[in-house]
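Trainee: Quick one: sequence plus predicted model below, questions after.
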Amino acid sequence: MRLSAIHMLAASAAPVRAFVASAAPSVARFAGGSSGIFSGARQGLRGAVLASKARPVSRTMRMANSQRLGDPIGQMMDKTDVFIFDCDGVIWKGDSLIEGVPSVLDRLRQAGKRIFFVTNNSTKSRKGYKSKFDSLGLSVEPEEIFSSSFAAAAYLEQTRFKDTGKKVYIVGEVGIEEELDLIGVPHFGGPSDGSKGVELKPGFALPHDENVGAVVVGFDRMINYYKIQYAQLCINENPGCEFIATNTDAVTHLTDAQEWAGNGAMVGAIKGCTGVEPTIVGKPGPLMIDYIIQKYNVERSRICMVGDRLDTDVLFGANNGLMSILTLSGVTTEEKLLSPENKINPDYYVNSINDFFPFYT
Ligand SMILES: [Mg+2]
């Protein structure tokens, strides 16, 4: 089963190879060779982690209030070479494309802007996201997509996890499995444990694999007590076992009718029984943005982060020295943004990214 999954991904991995091929000229210097499909990514991330130690001063700390984008060219276009878009609530809501998005992306490309998509949703791999973009009629290159499932795999590459000979236990879905397959890291759990339970009879102890060196926790629609207990045993009882969270988003959009419990719930369950803080590889952590900066040699100050969420997207931009734009097309209302209780302020906000080109709509 696992083998066929690897073959399936390897067969379609040409774009991914292209994605990492130019990431770092010094791949050969990396211990363990460059046989992995992620050989460039591991170098990029390694350097990115080092670079992230020189973090710039937060933009948010300098901002008193948010203001509506009124002069897109002067306030934004002239100051930006790269746009990083969150997906859910910005490009689509659930499975519905937000109106006007394709033409906005086309106009940005025509203006010579570079575009990336960064999502905290780990249920899909980059390959899975490419399929979603395709199904919505959006033409996107694989190297333009950064998912937190990719970030988890890239982090394991950067920390040379494979060299330890250990395994990963997954609380999460197929996106994490596919990304770990691509880097050849053994794993189990995930969807396979979705229907497992425990029989609590006297004296029962759940056995666990002492060779698990990391637990990766991503959004999991089939989380259960078995998985929580298994993760708890690995983290609490296996010496040095890492706790890696793809993200800690409180809520997410499973449907466009209401907010649904996000990966913060899954991570919170594991934190609650271990007392361990996870390493967060998705937004608002710096890993993905540092990778983009290093790989594409772009100026941090000329990157604009566009997202619908204050505590991940805008904070991600602020923590990493980027311009940030909040769009009201997702989870955040104008009332919440402008309330005295809100302490996280973007540089500008818009109704949707259609406001980038107000004269065309
Ligand atoms: Mg979003």
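Mentor: Happy to help now that I have it.
Trainee: Leaving out chain neighbours, which residue sits closest to the residue in the chain that the ion sits nearest to?
Mentor: In the chain, the residue found nearest to the ion is G89; the distance is 3.7 Å by Cβ to the ion. Using the backbone N, CA and C atoms, a C-beta is placed for each residue, glycine as well. Using Cβ to Cβ, 6 or more residues apart in numbering and skipping residues adjacent in sequence, the residue nearest G89 is G330, 2.1 Å away.
Trainee: Tally up the residues packed near that neighbour, please.
Mentor: Neighbours of G330 under the rule other Cβ atoms under 10 Å: 22.
Trainee: For I98, see how far away it is.
Mentor: 9 Å (Cβ to Cβ, to the nearest Å).
Trainee: What of T164?
Mentor: 43 Å.
Trainee: Name the residue in these two with the higher neighbour count.
Mentor: I98 (21 against 14).
Trainee: Next up, phi/psi of the more buried one, please.
Mentor: phi -80, psi 130 (degrees, to the nearest 10).
Trainee: now V174
Mentor: phi -70, psi -20.
Trainee: ok, now L97?
Mentor: The phi/psi pair for L97 (degrees, to the nearest 10) reads phi -70, psi 140.
Trainee: Can you give me the neighbour number for it?
Mentor: Neighbour tally, L97, other Cβ under 10 Å: 15.
Trainee: Who does it form a beta bridge with?
Mentor: W92 (DSSP bridges).
Trainee: ok, the residue nearest the centre of the chain to L287 distance?
Mentor: The centroid of the chain falls nearest to S148 when counting by Cα atoms, centre = their mean (2.6 Å). Distance, S148 to L287, using Cβ to Cβ: 9 Å.
Trainee: Spit out the residues that contact these two alike.
Mentor: V281 (Cβ atoms under 8 Å, 6 or more residues apart in numbering).
Trainee: Count the neighbours of A257 for me.
Mentor: 8.
Trainee: right, I mislabeled it, should have said I145
Mentor: I145: 23 neighbours (other Cβ under 10 Å).
Trainee: Wait, E173 touches V216, no?
Mentor: No - between E173 and V216 there is no contact under Cβ atoms under 8 Å: 11.0 Å.
Trainee: neighbour-wise, which of the two wins?
Mentor: The neighbour count for E173 versus V216, taken as other Cβ under 10 Å, is higher for V216 (33 against 23).
Trainee: Where does the more buried one sit, in terms of helix or strand?
Mentor: Using DSSP states H and E, V216 sits within strand 212-217.
Trainee: now for that strand, which elements pack on it?
Mentor: In this structure, strand 212-217 packs against strand 167-171, helix 225-237, strand 242-245, helix 263-274, with contacts taken as 3 or more Cβ pairs under 8 Å, 6 or more residues apart in numbering; DSSP states H and E.
Trainee: Parallel or antiparallel, which strands does that strand pair with?
Mentor: Note on strand 212-217: by DSSP bridges, its sheet partners are strand 167-171 (parallel), strand 242-245 (parallel).
Trainee: Comparing these, which stretch has the densest surroundings?
Mentor: strand 167-171 (a mean of 25; mean count of other Cβ atoms under 10 Å).
Trainee: Let's see that one as CSV, backbone CA atoms only.
Mentor: What follows is strand 167-171, C-alpha atoms only, in CSV (Å, rounded to 0.1, in the frame of the first residue of the first chain):
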residue,chain,number,x,y,z
LYS,A,167,9.5,6.7,12.6
VAL,A,168,6.8,9.4,12.7
TYR,A,169,3.4,8.9,14.3
ILE,A,170,0.7,11.0,12.5
VAL,A,171,-2.4,12.5,13.9
